[in-house]
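In: following is a predicted model, sequence given first.
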Amino acid sequence: MRSNFLTISMMGNLLLVAVFLVVRHGSTPGPAAPAPVMSPAAIPKIAPAWSATKGTPAPVVPWRLIASADYRQYIANLRAVGCPEWLVRDIIVADIDDLYVQKSRTDPVYFAPWQGADQRRKAARSRSAKLDALRQEKRALVKSLLGYEWENYGEEVWNQDLRTSLTFGFLPDDKATQVLSLKDKYTEAAQNVREDANFILIDEDSARLQTLYDEFGAETSRLLSPSELDELQLRAQQGFLLANDINFDGVTISREELREMVRLSKSFKDMAAEEFVPARPLSEAEQSRQKTAFEAQVKQLLGPKRFADYQRAQESNFREIFAFSQQNNLPPSAAVKVYESRLNAGEQADEIQNDGSLSAGERAAALAVLKAATMNTISSALGGSYHDYLQGPGRWLGTLTPPPETQTTNQMQ
């Protein structure tokens with residue numbers, strides 16, 4: 001009896017596995033006939049399992065009544081059983097991803113020893129074109145089903161990449177992923193233009209890239225509200241500050257002023273556009289003129305006093321002492337005083353070294369007096385942190401000491 005029971009049980013399990021494989025196969029589009037489906041009206045309206053009341057498990061609709069080879073029917077079936085829209089999207093896009101992974105698989109390409117670089121490049125480009133056509137086909141299918149661009153890869157980037165999150169973080173998840181999917185599509189198209197040109201762009205190629213950028217902007221503007229689009233453009237443009245190593249240590253600047261500064265920088269270098277259309281390299285003279293013009297606008301925005309603070313913040317020596325003051329809970333005024341003492345000491349040391357009327361001994365004595373006075377000023381500014389400063393950023397004070405050979409000469413005299 002027990003042996004018969006085990007046999008019947010095993011046969012039942014095998015039957016369930018077979019049914020599952022048949023149903024799963026029916027959920028993927030292909031040449032096979034569609035799996036039997038019910039119309040949405042015929043599928044029972046039930047509370048889904050994930051929202052069932054405690055102690056009252058929801059009834060289960062057999063998957064064979066939901067899965068379909070027809071994606072539109074598949075979506076209708078999922079909605080009919082109360083599946084939330086975000087889950088409908090994730091199920092359908094994941095299924096489409098699986099389908100196109102299979103379509104994209106190709107056999108390895110082997111080349112004969114006599115086949116040169118041109119033939120290899122042609123074969124690689126042909127394979128790339130086929131993959132690109134499949135990607136476009138997949139995007140078109142997803143958009144026709146959902147009504148908007150969507151890539152699971154874009155959603156992964158949105159959730160995992162810090163820089164992307166900082167740029168798009170103000171947008172709702174759905175909008176952020178849709179914009180990223182759009183960007184991925186147009187970035188891919190721009191890369192194809194560069195590859196077709198063997199990365200040697202002529203005016204015609206640059207015009208094609210500009211057209212792609214304009215189309216990307218137009219689609220993005222239809223997806224976002226004017227205020228969202230403005231915010232996104234500002235956040236993309238803030239890369240100008242990073243690219244030009246612009247710092248604000250010790251500068252009092254409001255959020256509105258910072259945003260305006262970023263907005264002004266776009267007339268000098270459009271960071272988003274250059275991802276598509278590389279700008280021509282600037283000569284040193286042109287870079288200098290551009291920097292001067294930008295700083296003139298910054299000065300007008302901040303006023304003379306705060307512009308002086310802005311210029312000081314661009315000096316690495318000031319940023320070093322400013323960081324030290326913050327680490328030691330010192331006021332910003334302490335960092336300013338130490339920095340100005342260093343500037344003054346450097347200028348006076350240069351004058352002493354270049355004064356031809358001084359003998360070596362007089363020069364050494366003058367430098368020693370200068371060093372003592374500078375150390376005294378810095379000590380009063382830093383207080384208990386002074387000795388830590390000498391062991392760290394304050395090592396520059398050693399440059400005020402005459403070279404060893406000069407000291408030896410003085411002792412002999």
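Out: Yes, it's here. Residues are numbered from 1 along each chain as shown.
In: for the helix ranked longest in the chain, buried residues please.
Out: What stands out as the longest helix in the chain, according to DSSP state H, is helix 117-146. By 16 or more other C-beta atoms under 10 Å, the buried positions in helix 117-146 come out as 135, 138, 139, 141, 142, 145, 146. Glycine gets a C-beta too; all of them are placed from N, C-alpha and C.
In: with stretch 173-182 instead?
Out: Here stretch 173-182 shows 175, 176, 177, 178, 179, 180, 181, 182 as buried, counting by 16+ other C-beta under 10 Å.
In: what does stretch 335-349 give?
Out: For stretch 335-349, by 16+ other C-beta under 10 Å, it's 335, 336, 337, 338, 339, 341, 342, 345, 348, 349.
In: do I have it right that residue 382 meets residue 327?
Out: No: counting by C-beta atoms under 8 Å, residue 382 stays clear of residue 327, with 11.8 Å between them.
In: who has more neighbours out of those two?
Out: Legend: neighbour count by other C-beta atoms under 10 Å for residue 382 and residue 327, higher for residue 382 (23 against 11).
In: residues touching that one, list them.
Out: Counting by C-beta atoms under 8 Å, 6 or more residues apart in numbering, residue 382 touches 328, 330, 334, 338, 389.
In: could you rerun that using 6 Å?
Out: Counting by C-beta atoms under 6 Å, 6 or more residues apart in numbering, residue 382 touches residue 389.
In: list the buried residues for stretch 298-318?
Out: Going by 16+ other C-beta under 10 Å, stretch 298-318 has these buried residues: 298, 301, 302, 306, 307, 309, 310, 312, 313, 314, 315, 318.
In: can you put those in CSV and add pLDDT and distance to residue 75?
Out: Below are those laid out as CSV (pLDDT from 0 to 100; distance: C-beta to C-beta, whole Å):
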residue, pLDDT, distance to residue 75
298, 96, 53
301, 97, 52
302, 97, 55
306, 97, 57
307, 97, 59
309, 97, 59
310, 97, 55
312, 97, 61
313, 97, 55
314, 96, 56
315, 96, 60
318, 97, 60
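In: which among the residues you listed gets closest to residue 84?
Out: For the buried residues of stretch 298-318, the minimum distance to residue 84 (C-beta to C-beta) is 47.6 Å, reached by residue 301.
In: element containing the residue most central in space within the chain, please.
Out: Nearest to the geometric centre of the chain sits residue 163, at 3.4 Å (C-alpha atoms, centre = their mean). Element membership for residue 163, per DSSP states H and E: helix 162-168.
In: what residues does that helix touch?
Out: So helix 162-168 is contacted by 157, 176, 235 (C-beta under 6 Å, 6+ apart).
In: closest one of the residues you listed to residue 192?
Out: The closest of the contacts of helix 162-168 to residue 192 turns out to be residue 157 (C-beta to C-beta; 20.3 Å).
In: what about that closest one, which SS state?
Out: Classification of residue 157 using DSSP: H, G, I helix; E, B strand; the rest coil returns helix.
In: what's the burial count for it?
Out: Residue 157: 20 neighbours (other C-beta under 10 Å).
In: list the contacts for it?
Out: Here residue 157 is in contact with 164, 180 (C-beta under 6 Å, 6+ apart).
In: go on, residue 205?
Out: 193, 197.
In: the buried residues of stretch 335-349 in helices, which ones?
Out: 335, 336, 337, 338, 339, 341, 342, 345, 348, 349.
In: count of residues packed around the closest residue to the fourth one other than its chain neighbours?
Out: In space, not counting the residues next to it along the chain, residue 338 is nearest to residue 321; the distance is 4.9 Å by C-beta to C-beta, 6 or more residues apart in numbering. With neighbours defined by other C-beta under 10 Å, the count for residue 321 comes to 28.
In: which helix or strand in this structure has the lowest average pLDDT?
Out: Sorting the helices and strands of the chain by mean pLDDT, DSSP states H and E puts helix 2-26 at the bottom, at a mean of 39.
In: can you give me the end-to-end span of stretch 194-203?
Out: Stretch 194-203 stretches 12 Å from its first residue to its last (C-alpha to C-alpha, to the nearest Å).
In: so for that stretch, what's the average pLDDT?
Out: The pLDDT scores in stretch 194-203 average 88.
In: ok, and what's touching it?
Out: Stretch 194-203 is contacted from outside by residue 205, using C-beta under 6 Å, 6+ apart.
In: distance between that stretch and the chain's centre?
Out: Stretch 194-203 sits 25 Å away from the centroid of its parent chain (C-alpha atoms, centre = their mean, to the nearest Å).
In: buried set for that stretch?
Out: 194, 201.
In: again, but for stretch 386-399
Out: 389, 390, 393, 394, 397.
In: so which of those residues belong to helices?
Out: Reading helices off these with DSSP H, I get 389, 390.
In: pick out whichever of the buried residues of stretch 386-399 sits closest to residue 264.
Out: Looking across those and measuring by C-beta to C-beta, the closest to residue 264 is residue 393, at 33.0 Å.
In: what sits against the closest one?
Out: 320, 321, 324.
In: could you report the distance from the last one to residue 350?
Out: Distance, residue 324 to residue 350, by C-beta to C-beta, to the nearest Å: 24 Å.
In: show me which of the two is the more surrounded one.
Out: residue 324 (20 against 10).
In: and the gap between that one and residue 392?
Out: Separation of residue 324 from residue 392 (C-beta to C-beta): 7 Å.
In: ok so, going back, okay, and the residue nearest to residue 338 sits in which element?
Out: According to DSSP H and E, residue 321 maps onto helix 316-327.
In: which helices and strands sit right next to that helix?
Out: helix 332-354 (3 or more C-beta pairs under 6 Å, 6 or more residues apart in numbering; DSSP states H and E).
In: that concludes my questions; thank you for your assistance.
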